[in-house]
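*Asks:* Just a sequence and a predicted model for now, questions to come.
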Amino acid sequence: MTQVIGRLRFVASVRVALALAVGAIALAASLSTPMAQAQATRTWVSGVGDDVNPCSRTAPCKTFAGAISKTAAGGEINCLDPGGYGAVTITKSMTIDCTGTFASILASGTTGVNVNDSATGTPNTIIVQLKGLSINGSGTTLGINGINFVSGAQLVVENTLITDFSNAGINARGVNVSLVYHQLEVINSTIMRNGVGGSGTAGIILGVPAPGAPVAGVVRASIIDSVISHGNVGIRVSPTAVAVLERTSIESNVSYGAVVAGGGGIAHLNASNSNISASIAGTGIYSDGGGTIVRLYATTVTGNAIGLTSVNGGQILSAGNNFIQGNFTANGSPTGPAPQS
């Protein structure tokens, strides 16, 4: 009898142990499930969302910053409805696509979007796409940069408005691209009223180094079907940059439409089927320094104080099918023919 009771107790203890083990496994699984779901391929934001949510379609987050941590590398954030989704720093490959909704980043006293993978284990490798956004710096003396591309492989900006980054004291820019091997594509976008004051300000600045900073690579940029207007300078192309304008209008800027400055480096600007106009107090295209080449194909340069200026060995080459007329002080002249192929 004693042996039977002992066996029953042993069996009962084994069953309890098994039940506890199964319970522990179930608990571990339940705890790990949110972690597994924390990084989704597609996440969502809404003006009435909450950043404590998992950023799913039925439980969206409220800000881009809140959604970033729950979005897997290479994933996408979408907007469910119009709203202000806040400034954001992006350190991994991803897409923010709010096409079809009014999605805004109001960046008063700060930068709207920072793209910077320099602190990761694989710097200068991320690919970021921004689509269907309004990035607003709130006007004079407030916003810093609309987009600051510090480190990464490629940035695509499409169907986006970047406006009113005008803090002259810190060289405000609509899009600022730093020095390494970056590639920028701006498609069907408007960049306006950025860098209204200050010589270092512009709608787009490509690879302009800080004083004393080494030249670390070449920035390549394509600006297609876009408008850059009503700033101090439309676009600045540095000795570390090569830019292409296609069907793009650079208009109504205060000082210059395009400043291209080689100074011993390479600074190339190729403009085709584009318009550079209405820099009433300045020059449409300013080419400065050895190594600087501007090529013009079927492009209009008109309504500026001076149409074309080339100094210190800078070149402006024309394919012969451009309209360079109607500039108030002087039209200026190309320095030579542009190659046809």
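*Replies:* Here it is on my side, so go on.
*Asks:* Need the per-residue pLDDT for the spatially closest residue to Ala338 that is not a sequence neighbour.
*Replies:* Ranked by Cβ to Cβ, 6 or more residues apart in numbering and with sequence neighbours excluded, the top spatial neighbour of Ala338 is Leu317, at 3.9 Å. Bear in mind the C-beta positions are built from the backbone N, C-alpha and C, glycine included. Note on Leu317: pLDDT of 97.
*Asks:* thought Leu317 was touching Leu296?
*Replies:* Yes: Leu317 lies in contact with Leu296 (Cβ atoms under 8 Å); the separation is 7.0 Å.
*Asks:* which stretches of the stretch 51-200 of the chain form strands?
*Replies:* 71-79, 83-84, 88-90, 94-97, 103-106, 113-116, 127-131, 133-140, 145-151, 154-158, 161-166, 173-177, 183-187, 190-192 (DSSP state E, counting those that start in this stretch).
*Asks:* beta partners for the spatially most central residue of the chain?
*Replies:* Nearest residue to the geometric centre of the chain (Cα atoms, centre = their mean): Ile147, 4.6 Å. Note on Ile147: beta-bridge partners by DSSP bridges are Val113, Val175.
*Asks:* so what's it up against?
*Replies:* Thr111, Gly112, Val113, Val115, Leu130, Ile135, Leu155, Val157, Ile162, Gly174, Val175, Asn176 (Cβ atoms under 8 Å, 6 or more residues apart in numbering).
*Asks:* Can you list the low-confidence ranges for the stretch 201-341 of the chain?
*Replies:* Applying pLDDT under 70 to the stretch 201-341 of the chain flags residues 208-217, 341.
*Asks:* about what we covered before: and the residue nearest to the centre of the chain, how far is that from Ile105?
*Replies:* 10 Å (Cβ to Cβ, to the nearest Å).
*Asks:* residues shared between the contacts of these two?
*Replies:* Gly112, Val113, Ile135.
*Asks:* Among those, which one has the most neighbours?
*Replies:* Ile135 (29 neighbours; other Cβ atoms under 10 Å).
*Asks:* doesn't the residue nearest to Ala338 fall inside a strand?
*Replies:* Yes: the assignment for Leu317 by DSSP: H, G, I helix; E, B strand; the rest coil puts it in a strand.
*Asks:* okay, now it: neighbour count?
*Replies:* 18.
*Asks:* what is in contact with Leu317 and Leu296 at once?
*Replies:* With Cβ under 8 Å, 6+ apart, Leu317 and Leu296 have common neighbours Pro334, Ala338.
*Asks:* ok, back up a step: any idea how far the residue nearest to Ala338 is from Pro339?
*Replies:* 8 Å.
*Asks:* Need the residues touching each of the two.
*Replies:* Joint contacts of Leu317 and Pro339 (Cβ under 8 Å, 6+ apart) are Arg295.
*Asks:* Run a quick neighbour tally on Thr41.
*Replies:* If we define neighbours as other Cβ under 10 Å, then Thr41 has 10 of them.
*Asks:* Report the beta-bridge partner residues of the nearest residue to it once chain neighbours are set aside.
*Replies:* Once flanking residues are discounted, Thr41 sits nearest to Gly75: 4.5 Å by Cβ to Cβ, 6+ apart. Judged by DSSP bridges, the bridge partners of Gly75 are Met94.
*Asks:* Ser166 - how many residues pack around it?
*Replies:* 24.
*Asks:* nearest spatial neighbour of Ser255, skipping sequence neighbours?
*Replies:* Counting by Cβ to Cβ, 6+ apart, the residue nearest Ser255 is Gly282, at 4.0 Å.
*Asks:* and if you look at Ile306?
*Replies:* Thr283 (4.5 Å).
*Asks:* ok, back up a step: of all the contacts of Ile147, which comes closest to Tyr256?
*Replies:* Gly174 (14.8 Å; Cβ to Cβ).
*Asks:* and the gap between the closest residue to that closest one other than its chain neighbours and Pro339?
*Replies:* Closest residue to Gly174 apart from its sequence neighbours, by Cβ to Cβ, 6+ apart: Asn194 at 3.6 Å. Separation of Asn194 from Pro339 (Cβ to Cβ): 33 Å.
*Asks:* These two: who's more crowded?
*Replies:* For Asn194 versus Pro339, the count of surrounding residues by other Cβ under 10 Å is larger for Asn194: 33 against 9.
*Asks:* No further queries at this time; thank you.
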